[in-house]
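In: next input, structure requested:
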Amino acid sequence: MRLTRLLRVAWPAFLSACLLQMVVFAAIDPAELHLRWGQEGPAWSRQAVYALAFFLFWAGAALAAAMTVLLERRGEEEGR
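Out: Model prediction:
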């Protein structure tokens, strides 16, 4: 049952992150972003920006989906 709940959160979050990744990077070129660790650090590669952004998008979407599942469970418990 926990695996099913996890998949109900992870799969829609993954698809949402894929869509958001396409939309964001259709408008933004990662090579033009200046992501540096201080003044002396090396610039990030495009692949690093794509990967970091994807996992941030996925985490955000997973948090939203998890909150939906949590609120749904609480609503069912109160309805009994």
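
In: what packs against the helix or strand hosting A64?
Out: A64 is part of helix 46-79, with elements assigned from DSSP states H and E. Applying 3 or more CB pairs under 8 Å, 6 or more residues apart in numbering; DSSP states H and E, we find helix 46-79 packed against helix 2-27. Bear in mind the C-beta positions are built from the backbone N, C-alpha and C, glycine included.

In: in the helix it packs on, what's buried?
Out: By 16 or more other CB atoms under 10 Å, the buried positions in helix 2-27 come out as V9, A13, F14, S16, A17, L20, Q21.

In: for stretch 55-73, same thing?
Out: Quick answer for stretch 55-73 (16+ other CB under 10 Å): F57, W58, A61, A62, A65, A66.

In: which other residues reach it?
Out: R5, R8, V9, A10, P12, A13, F14, S16, A17, L20, Q21, V24 (CB atoms under 8 Å, 6 or more residues apart in numbering).

In: try it again at 10 Å.
Out: The set of residues external to stretch 55-73 that reach it, using CB atoms under 10 Å, 6 or more residues apart in numbering, is 5-6, 8-21, 23-24.

In: how close does A64 sit to F25?
Out: 20 Å (CB to CB, to the nearest Å).

In: re the thing from before, and the helix holding A64, what's its mean pLDDT?
Out: Averaging pLDDT along helix 46-79 gives 87.

In: can you check what angle separates it from helix 2-27?
Out: 140 degrees (axes from the mean of the first three to the mean of the last three CA atoms, to 10 degrees).

In: what does I28 show for phi and psi?
Out: Main-chain torsions, I28, degrees, to the nearest 10: phi -120, psi 130.

In: what is the burial count for it?
Out: 12 (other CB atoms under 10 Å).

In: ok, the one 3 residues further on next?
Out: Summarising burial for A31: neighbours were counted as other CB under 10 Å, giving 11.

In: quick check, it in contact with A48.
Out: No: A31 is beyond contact range of A48, at 11.3 Å (criterion: CB atoms under 10 Å).

In: ok, which pair from the buried residues of stretch 55-73 is furthest apart?
Out: F57 and A66 (14.8 Å; CB to CB).
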